[in-house]
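Student: This is a predicted model, with the sequence first.
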Amino acid sequence: MYQRIFGLVLLLICVGLAVAAWDYQAPFSYEPVGPRAYPLLLLLLMGLGAIYLIAAKPADGHEPADEHDHPMDRHVLIKVVSCVVVLTIYAALFETLGFIPAAMLFGIAMARLYEGTWLASVIAGVVLAIGLYLLFDKALDVPLPLGILAGLEN
């Protein structure tokens, strides 16, 4: 039940933010798609995730009776804190290392945090970083910092 409530609240927030962002016009724009494309894309993805949370059945096939069926134990708290630490490190390294290396490290760390194998984590991190770079820099023409890979730029 809490999963569906969270999904509904998240969906309402996404819709509200999308309405607010729809007419946003910046006084300057260095992106051909404008300043609203990135937040709208993120809100779309978050909204799809929220719809999944609302519609999906729990993995074990039954609804938990109450919050005590899924306690906030030490294991869960360690993962939450680890996720915040990984996000903070990613933000700190984003400009210095550049988007691709920072996103690779982030992807690998998050996959390992959620028990992916080393091989799958490295593959996912590399594909995620390069794919997102190509999407934003080449397809949407949104410049991303190359950092240590700046020498590879044409």
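Tutor: Arrived safely. Residues are numbered from 1 along each chain as shown.

Student: ok, and what's touching the longest helix along the chain?
Tutor: With secondary structure taken from DSSP state H, the chain has its longest helix at helix 74-97. Counting by CB atoms under 8 Å, 6 or more residues apart in numbering, helix 74-97 makes contact with 101-103, 105-106, 109-110, 113-114, 145, 147-148, all of which sit outside it. From N, CA and C alone the C-beta is placed, and that goes for glycine too.

Student: Just the buried residues from these, in ChimeraX please.
Tutor: Applied in ChimeraX, the following selects the buried portion of the contacts of helix 74-97 according to 16 or more other CB atoms under 10 Å:
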select :101,102,103,105,106,109,110,147
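
Student: Let me have the contacts of helix 74-97 in a markdown table, extended by distance to A55, secondary structure and pLDDT.
Tutor: Converted to a markdown table, these look like this (distance: CB to CB, whole Å; DSSP: H, G, I helix; E, B strand; the rest coil; pLDDT from 0 to 100):
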| residue | distance to A55 | secondary structure | pLDDT |
| --- | --- | --- | --- |
| P101 | 37 | helix | 91 |
| A102 | 34 | helix | 91 |
| A103 | 30 | helix | 91 |
| L105 | 33 | helix | 92 |
| F106 | 29 | helix | 91 |
| A109 | 30 | helix | 92 |
| M110 | 24 | helix | 91 |
| L113 | 26 | helix | 90 |
| Y114 | 22 | coil | 87 |
| P145 | 38 | coil | 78 |
| G147 | 40 | helix | 79 |
| I148 | 42 | helix | 80 |
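
Student: Nearest to C14 among the contacts of helix 74-97?
Tutor: M110 (21.5 Å; CB to CB).

Student: So for the nearest residue to S121 once chain neighbours are set aside, what's the pLDDT?
Tutor: What sits nearest to S121 in space, not counting adjacent residues and going by CB to CB, 6 or more residues apart in numbering, is A111, at 3.6 Å. Model confidence at A111, given as pLDDT, is 92.

Student: No further queries at this time; thank you.
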